[in-house]
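In: compute the structure for the input listed below.
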Amino acid sequence: MITCDIRELIKYVRFVRNFVGVRSLNPIYRLMWMETTEFTLRMRGMDGIVRTETEVGANIQSQLSVLVDPALLATILGTLDPSLEITLTKKRNKIWIKQGETERWVSTADPEDFPPEPMVQDTTQFQLPLSQFLGIIDRVGFAKSETRDRPILQGLCLDSDADRILAGDGLRIAGALLDHDIPLGAVLSPQVWECLRSLTYIVDNDEVTLTYGEEGWFRLNTDAATVWINRLAGEYPTIAYKAIESLTGRPDGTTLVLDNEALLKPLELACFYAEAAIEAQESKALLLEIKDGQLWLKMDTTAGGMDDLIGGTQVEGPSSIIYTDPALLRQALEASPLPSIRMTLWGPGSPMLIQANDTPEAWAVVQTPLAPSKEILDQWQHPVVEDNDDGDDF
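Out: Predicted coordinates for the structure are as follows:
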């Protein structure tokens, strides 16, 4: 018989449930392994890509080691009185859950075939606040690829050259500085975001220790649980390491400084127009035009259009234009860590650089433009000079 606090048990069962492969073809990945130690009830779950192990204090009077459905167990526990203790007892192939006169049971399976602990090379290790790690991933994760044609771009790159985390999908690259040296570059599976988010609900200490090597899995250790995350095979595109630096050091652009919210509101409408344009097989491009020291947003679709002056914009540099996907620009602005942003443009044929204004080195996004027509591109590269015909020739 095992006696424990139902509130603690349900919290950790729900945590492990996040790591179980509900739709996995391997039935063992759909179950959670529960076993007793001397003073705790230990729980493990995995789906082939991520794995976790945690435990809750309990009064252990008999031993057990079984596989159970964590979703069903969490549902049963959620129907009981959270203020009273429960007892767990294994009888044949079932666990009986008793609280007062209420008694329920859940079927179990043999854990013999549960996969062993993943291999982790302990060659690289560093510690940082969990909240900081998660916050940085929030700032760059929007840019990772959502398609499987290039799996490496679905991951998050630990860039050891510049101590930052990178994400990109071929149309944009986002990077944020990590307040810690990254001794060894690697690519984390995209599931790291969900893993870190789940950890925030159970940890008391904000510190997380990341351990990994040239091969094998990553391991995240906290005071409440251990999480293993599989790495993505392959090399992250080398151009991603250089894109931000090359544009950051380029002096000949047009720089805009403005309030984030001033752009987000009209972008919401632009995204609506873009969706309608896609359905109508029209261009979804949003034009950003800098003219006479002012920023204009322009769009023309069958569904509607806009010609908005964005007030309060500080402009430094010559007139410029760029065509962009409003949905991608909106995602970048929503991920900005600060309310004031800096945007730099180099014309319709070059990428756009977006940075946090006060700390441009801490967060940046490079976004490729939508292709303008050949006529617009030629006119921009070779502007027509009007003939004044005032009799003066050079």
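In: please count neighbours and contacts with C-alpha atoms only from this point.
Out: Fine.
In: and the helices in the protein, which stretches?
Out: Assigned by DSSP state H, the helices in the chain fall at 6-17, 70-78, 130-140, 192-199, 238-248, 260-279, 326-334, 374-381.
In: residues contacting the closest residue to Met43 other than its chain neighbours?
Out: If the residues on either side of it in the chain are set aside, Met43 comes closest to Met34, at 4.6 Å by Cα to Cα, 6 or more residues apart in numbering. Taking Cα atoms under 8 Å, 6 or more residues apart in numbering, we find Met34 in contact with Leu41, Arg42, Met43, Arg44, Leu64, Ser65, Val66, Leu67, Val68.
In: hang on, isn't the third one packed against Val16?
Out: Put plainly, it is Met43. Yes: if you go by Cα atoms under 8 Å, Met43 and Val16 touch, sitting 7.2 Å apart.
In: any idea how far apart the tips of stretch 88-100 sit?
Out: 12 Å (Cα to Cα, to the nearest Å).
In: would you check that Val140 makes contact with Leu177?
Out: No: judged on Cα under 8 Å, Val140 makes no contact with Leu177 at a distance of 10.3 Å.
In: tell me which of these two has more neighbours.
Out: Using other Cα atoms under 10 Å as the criterion, Val140 and Leu177 rank with Val140 on top: 25 against 17.
In: measure the more buried one to Leu178 for me?
Out: Val140 is 12 Å from Leu178, by Cα to Cα.
In: Glu207 now?
Out: Separation of Glu207 from Leu178 (Cα to Cα): 14 Å.
In: out of these two, which sits in the busier spot?
Out: More crowded of Glu207 and Leu178, by other Cα under 10 Å: Leu178, with 20 against 17.
In: quick one: low-confidence parts of this structure?
Out: Low-confidence segments of the chain (pLDDT under 70): 22-23, 238, 240-241, 373-394.
In: now the one residue sitting closest to the centre of it: how far from Phe133?
Out: For the chain, the residue nearest the mean C-alpha position is Gly141 (3.1 Å; Cα atoms, centre = their mean). Separation of Gly141 from Phe133 (Cα to Cα): 12 Å.
In: other residues contacting stretch 121-136?
Out: Looking at what lies outside stretch 121-136 - Cα under 8 Å, 6+ apart - the contacts are 165, 176-178, 180, 182-184, 193, 196-197, 200, 206-217.
In: that older thread, between Val140 and Leu177, what contacts are shared?
Out: Contacts common to Val140 and Leu177, judged by Cα under 8 Å, 6+ apart, are Ile165.
In: who touches both of Met43 and Val16?
Out: Contact criterion Cα under 8 Å, 6+ apart; residues shared by Met43 and Val16: Met32, Glu53, Thr54.
In: okay, and the common contacts of Val140 and Leu178?
Out: Residues touching both Val140 and Leu178 by Cα under 8 Å, 6+ apart: Ile165.
In: domain map for this structure?
Out: Following automatic domain parsing, one gets these domains for the chain: 2-113, 124-236, 250-381.
In: now the ones you listed as JSON lines including distance to Ile244?
Out: What follows is the domains of the chain, written out as JSON lines (distance: least, Cα to Cα, whole Å):
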{"stretch": "domain 2-113", "distance to Ile244": "30"}
{"stretch": "domain 124-236", "distance to Ile244": "8"}
{"stretch": "domain 250-381", "distance to Ile244": "6"}
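In: out of the ones you listed, nearest to Lys242?
Out: Lys242 lies closest to domain 124-236 among these, at 9.9 Å (Cα to Cα).
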